[in-house]
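Peer 1: Make a model of this:
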Amino acid sequence: MFRLAYVPGVTPAKWVSTWTERMPGVPVTLVAVPAAEVVGLLRNGGADAGFVRLPVDRDGLSVIPLYVETTVVVVPKDHAAAAADEVAVADLIDEEVFHPLDDTIEWTVRPGVPAFTRPATTADAVELVATGAGVLLVPQSLARLHHRRSLTYRPVPDAPQSQVALTWPTDATTDLVEEFIGIVRGRTVNSSRGRTPAAPAEKPAQRQAQKPAQISSGRRAAPAGRKSKGRRPR
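Peer 2: Residues are numbered from 1 along each chain as shown. Sure, this is the predicted structure:
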């Protein structure tokens with residue numbers, strides 16, 4: 001059995017599907033875990049590997065960054081931002097912005113005005129946005145995960161972005177973990193993992209180069225020491 005943890009918003013289905021094709025005798029157990037708890041789960045042996053949102057405490061962990069997500073602002077459908085194709089951080093200067101405790105976006109300076117409370121989770125923050133109490137900035141996958149009919153979202157191109165990574169305890173890098181790393185990195189079933197490539201087959205011995213044939217001009221070559229007489233012009 002291979003135990004794979006993943007945080008909200010991450011969809012491991014494509015990698016699990018490939019694993020099932022290649023390793024039919026080793027079932028995968030998916031472990032959904034809050035972003036704040038995934039590192040502790042891995043360190044305590046609760047999963048063999050996991051998808052996390054960076055940054056995380058990397059002590060004792062190996063980490064492979066995978067992809068970066070667009071940050072979006074979640075707003076009610078009747079909010080002014082809903083009329084735009086995208087929103088700048090500066091456009092949110094007067095907005096009350098929720099900052100849930102499980103937020104994984106690294107902000108140098110958080111946009112807008114701090115909301116009246118810090119929700120415990122992103123899901124709780126989305127519920128508050130639905131009441132019109134403020135707005136929320138999250139990775140796009142989380143906006144989709146917590147979608148509500150009364151809400152919409154718009155990209156915020158100049159906001160920091162969330163990065164998803166694969167991580168596992170370095171001291172527990174098993175063959176199964178190596179196999180999953182290969183799948184995530186896109187190795188084919190025939191790819192080697194550190195094996196020395198086979199030496200190329202020896203080429204057959206080349207034939208001896210033949211002496212280039214002399215180009216014939218249709219006239220016999222003049223004997224050595226004599227010059228060839230050219231025809232006189234008529």
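Peer 1: how about the helices in the protein?
Peer 2: In the chain, helices defined by DSSP state H lie at 13-22, 38-43, 122-130, 140-145, 175-184, listed in chain order.
Peer 1: Can you spell out which helices and strands pack onto the second one?
Peer 2: Spelled out, that is helix 38-43. For helix 38-43, the elements it packs on are strand 2-6, strand 49-54, strand 61-69, strand 162-169, judged by 3 or more CB pairs under 8 Å, 6 or more residues apart in numbering; DSSP states H and E. Every residue, glycine included, has its C-beta placed from N, CA and C.
Peer 1: what's the most buried one of the ones you listed?
Peer 2: Neighbour counts averaged per stretch over these are highest for strand 49-54, at a mean of 23; criterion: mean count of other CB atoms under 10 Å.
Peer 1: Kindly reformat the helices and strands packed on helix 38-43 as JSON lines containing mean pLDDT and distance to Leu136.
Peer 2: As requested, those are exported to JSON lines (pLDDT from 0 to 100; distance: least, CB to CB, whole Å):
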{"stretch": "strand 2-6", "mean pLDDT": "98", "distance to Leu136": "22"}
{"stretch": "strand 49-54", "mean pLDDT": "97", "distance to Leu136": "16"}
{"stretch": "strand 61-69", "mean pLDDT": "97", "distance to Leu136": "15"}
{"stretch": "strand 162-169", "mean pLDDT": "97", "distance to Leu136": "13"}
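Peer 1: Ok, which of these comes nearest Val109?
Peer 2: Comparing these against Val109 with CB to CB, the closest turns out to be strand 162-169 (17.1 Å).
Peer 1: Compute the inter-axis angle for the closest one and strand 49-54.
Peer 2: Here strand 162-169 runs at an angle of 140 degrees relative to strand 49-54 (axes from the mean of the first three to the mean of the last three CA atoms, to 10 degrees).
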